[in-house]
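>>> Structure for this input, please:
(2 chains)
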Amino acid sequence: MDLIIDITLLTFLGITALAINRIDKLFCVIMLSGLYSLLCASLFVTMDAVDVAFTEAAVGTGIVTVLLLSTIGATDTQQRSAPHRPLLALLVVCTTGAILVYGTMDMPAYGDPEAPVHQHVAPRYLNESLHEVGPPNIVTSILASYRGIDTLGETVVIFTAGLSVVGLIGFRGMQKFGDRKRAAGITGDDMDEHLVLRIIIKIFIPLILLFALYVQFHGDYGPGGGFQAGVIFASGFIFYTLMYGLDKAMQVIAPRVLGYIGALGVLIYGGVGVATMLLGGNFLDYNVLMHDPLHGQHLGIFLVELGVGLTVFSIMLLIFFAFSSRKGLRQ
Amino acid sequence: METMLSWISTLCIGLGVFLGVTGAVGIFRLPNFFTRLHAASITDSGCAFLILFGLMLQSGLTIPTVKLCFILIFLLISSPTATHALAKTALDCGAEPTPHLHEER
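Below you'll find the model as predicted:
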């Protein structure tokens, strides 16, 4: 049964990839790439990697699609045809792909219990994490406790990405945004007639934010955590922006505040690490935070996930704001 | 009772799958935007509701049923809204709602 599902999903993946290549209309391409990542998420579910699937669905299907859509608002919607046939590029890609496929020959079979990755630290994670760290969701204990420094690195990467986007694109022309917005037609003004949408979105935004908080604080027990929760929280605000316009959304939460929140998230994460060092442990060794090591782990993971959630939320929203504000610049 | 429930659930899921296939065929075969939207909305609403309801019957009074119930309510509100928004936007952009089916054939 699993085999049939895998074959079907992989076939659809191939078809979608070919379609993305063949179609010139960028709007269709964006929708298809959203479909592509949804299929990837389904594949992750069949591999029992629900946390990864959740992230892929939230980031790949949700946020990235919206970001790309807001990007084609500032560009053309039709792909320009290349002036020459890039045969050399095709050759390079085919060769690289062939080498990669050849490289997988030496890898152990999927799910092989003798594979090195299942022999090294995985048994300890699976057997001991309940006594050493606590949360029933082992993924959370690995992500936030055993591999806490890796996750700190990821959080810093996201923060840096946000800073780079704002640094490169910035909010250029924002002071003239009010003048241009009517000409560009990107405010919620043209949405005024969509009464049904307005009411439904008003009902949904609190539910989305509530769900994000559930994902944030339930990450110890089920799939979820700071990354997914931050993205879902940001999508609630993006929903608001799409309906009521960018200037109103920026009144709700200003880009400068978002920058502060993003920095605060990284600060919380790093601060926990420094606190554990001051209390006599290693960096990000939560055991020393409280008298009982398990309680310390619980508190540490809670704080760290909060930091991740804050950073991801603010940076995602900041990037969306930066992309959307470009729309008004199009002549 | 158990067999009864499982029969009803199988029936619901089967009907849902049938509606899904119908919707997919309809998207390709129907003549204009609004009729195709109708086909798509059948997949969105009827197909999804029936399959979720069938799954709820399968899982009984458990936490998964409650979660499925939330998803059902979410879809119950969001899918018709999406269809409405599409139809309204198409209408505002000047699409013709009457397909002139009889004249074409």
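
>>> Give me the number of neighbouring residues for the residue in the stretch 151-300 of chain A that chain B sits nearest to.
Of all residues in the stretch 151-300 of chain A, the one sitting closest to chain B is A:Ile200 (4.7 Å; C-beta to the nearest C-beta). Where C-beta positions appear, they are placed from N, C-alpha and C, glycine not excepted. A:Ile200: 19 surrounding residues under other C-beta atoms under 10 Å in any protein chain shown.

>>> List phi and psi for it.
Dihedral pair for A:Ile200: phi -60, psi -40, per degrees, to the nearest 10.

>>> Likewise for A:Gln78?
phi -120, psi 140.

>>> Isn't it up against A:Phe27?
No: assessed by C-beta atoms under 8 Å, A:Gln78 is found out of contact with A:Phe27, at 9.4 Å.

>>> On the secondary structure side, give me the element for A:Leu18.
helix A:2-22 (DSSP states H and E).

>>> Please read the previous query as pertaining to A:Tyr269.
Counting by DSSP H and E, A:Tyr269 is found in helix A:255-278.

>>> Could you pull up the mean pLDDT of the helix or strand following that helix?
Downstream of helix A:255-278, the next assigned helix or strand under DSSP H and E is helix A:293-327. Across helix A:293-327, pLDDT averages out at 88.

>>> May I see the buried residues of helix A:293-327?
Buried residues in helix A:293-327, counting neighbours by 16 or more other C-beta atoms under 10 Å in any protein chain shown, are found at A:293-294, A:296-298, A:300-327.

>>> who in chain A is up against chain B?
Within chain A, the residues that sit near chain B (C-beta under 8 Å from any C-beta of the partner chain) are A:193-194, A:196-197, A:200, A:203-204, A:207.

>>> Among those residues, name the buried ones.
Taking 16+ other C-beta under 10 Å as the criterion, what is buried in the residues of chain A next to chain B is A:194, A:197, A:200, A:204.

>>> For residue 50, which non-adjacent residue is closest in space?
Going with chain A. Distances taken as C-beta to C-beta, 6 or more residues apart in numbering or on different chains put A:Pro223 closest to A:Val50, at 4.2 Å, once the chain neighbours are dropped.

>>> that's the wrong chain, I meant chain B
Nearest to B:Leu50 is B:Gly16, by C-beta to C-beta, 6+ apart, at 3.3 Å.

>>> what sits against that neighbour?
B:46-51, B:54 (C-beta atoms under 8 Å, 6 or more residues apart in numbering or on different chains).

>>> follow-up on the earlier one: just how off-centre is the helix holding A:Leu18 within its chain?
23 Å (C-alpha atoms, centre = their mean, to the nearest Å).

>>> Does that helix pack against any helices or strands, and if so which?
helix A:26-46 (3 or more C-beta pairs under 8 Å, 6 or more residues apart in numbering or on different chains; DSSP states H and E).

>>> just checking, what packs against the helix it packs on?
Applying 3+ C-beta pairs under 8 Å, 6+ apart, one finds that helix A:26-46 makes contact with helix A:2-22, helix A:50-55, helix A:64-72.

>>> got the angle for the longest one vs helix A:26-46?
It stands for helix A:2-22. 160 degrees (axes from the mean of the first three to the mean of the last three C-alpha atoms, to 10 degrees).

>>> what about dumping the CA coordinates of helix A:2-22 to PDB?
Output of helix A:2-22 as PDB, limited to C-alpha atoms (Å, rounded to 0.1, in the frame of the first residue of the first chain):
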ATOM      1  CA  ASP A   2       2.800   2.400   0.900                       C
ATOM      2  CA  LEU A   3       4.500   1.500  -2.300                       C
ATOM      3  CA  ILE A   4       1.400   2.500  -4.400                       C
ATOM      4  CA  ILE A   5       1.200   5.800  -2.500                       C
ATOM      5  CA  ASP A   6       4.900   6.500  -3.000                       C
ATOM      6  CA  ILE A   7       4.800   5.800  -6.700                       C
ATOM      7  CA  THR A   8       1.700   7.900  -7.200                       C
ATOM      8  CA  LEU A   9       3.200  10.900  -5.200                       C
ATOM      9  CA  LEU A  10       6.500  10.600  -7.000                       C
ATOM     10  CA  THR A  11       4.800  10.400 -10.400                       C
ATOM     11  CA  PHE A  12       2.900  13.600  -9.600                       C
ATOM     12  CA  LEU A  13       6.100  15.200  -8.400                       C
ATOM     13  CA  GLY A  14       7.700  14.400 -11.800                       C
ATOM     14  CA  ILE A  15       4.700  15.700 -13.800                       C
ATOM     15  CA  THR A  16       4.600  18.900 -11.700                       C
ATOM     16  CA  ALA A  17       8.300  19.500 -12.200                       C
ATOM     17  CA  LEU A  18       8.000  19.000 -16.000                       C
ATOM     18  CA  ALA A  19       4.900  21.300 -16.100                       C
ATOM     19  CA  ILE A  20       6.800  24.000 -14.100                       C
ATOM     20  CA  ASN A  21       9.500  23.800 -16.800                       C
ATOM     21  CA  ARG A  22       7.100  23.900 -19.800                       C
END
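
>>> How about it, which residues are buried there?
Buried, per 16+ other C-beta under 10 Å, within helix A:2-22: A:9, A:12-13, A:16, A:20.

>>> which residues touch it?
A:29, A:32-33, A:35-36, A:39-40, A:42-43, A:46.

>>> And stretch A:26-42, by the same measure?
Against stretch A:26-42 from outside (C-beta under 8 Å, 6+ apart): A:9, A:12-13, A:16-17, A:19-20, A:23, A:53-54, A:56-57, A:60-61, A:64-65, A:68-69, A:72, A:75-79.
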